[in-house]
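Colleague: model the following, please.
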Amino acid sequence: MTYEDITQMNNKELHANLREERMMLQKLRFNHAVSPIENPNKIRASKKVIARLLTEINRRRHETNVAEVAENTESEG
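Modeller: Take a look at the predicted model:
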């Protein structure tokens, strides 16, 4: 999943995909602990997707907060 795909998702899709990726990472880690998985790079890729999703969620949260502060500042002045 590329960052461009992530930016086109709405907030519900972002949170759903984040939950799904975290579950998949947990399963990968468990399977790797029991017996070595064929491609351990899948764990790294999953962690990177989770980081991309969290980055986009935080970016949107920050944009919302900045917009609210700007509105409050304009209404006071």
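Colleague: the most centrally placed residue in the chain: which element?
Modeller: Ranked by distance to the mean C-alpha position of the chain (Cα atoms, centre = their mean), the top residue is residue 53 at 1.7 Å. Secondary structure assigned from DSSP states H and E places residue 53 in helix 41-76.
Colleague: how about low-confidence regions in this structure?
Modeller: Within the chain, the segments meeting pLDDT under 70 span 77.
Colleague: rewinding a little: who's in contact with the residue nearest to the centre of the chain?
Modeller: By Cβ atoms under 8 Å, 6 or more residues apart in numbering, residue 53 lies in contact with 6, 14, 17-18, 21. For every residue, glycine as well, the C-beta is placed using N, CA and C.
Colleague: counting neighbours, which of these comes out on top?
Modeller: Each of the contacts of residue 53 was scored for neighbours by other Cβ atoms under 10 Å, and residue 21 scores highest at 21 neighbours.
Colleague: which stretch of helix or strand covers residue 5?
Modeller: Applying DSSP H and E, one finds residue 5 within helix 3-7.
Colleague: flag every buried residue along that helix.
Modeller: residue 6 (16 or more other Cβ atoms under 10 Å).
Colleague: next one: stretch 21-34
Modeller: Residues 21, 25, 28 are the ones in stretch 21-34 that count as buried (16+ other Cβ under 10 Å).
Colleague: measure the first one to residue 63 for me?
Modeller: Right, residue 21. 23 Å (Cβ to Cβ, to the nearest Å).
Colleague: perfect, that will be all.
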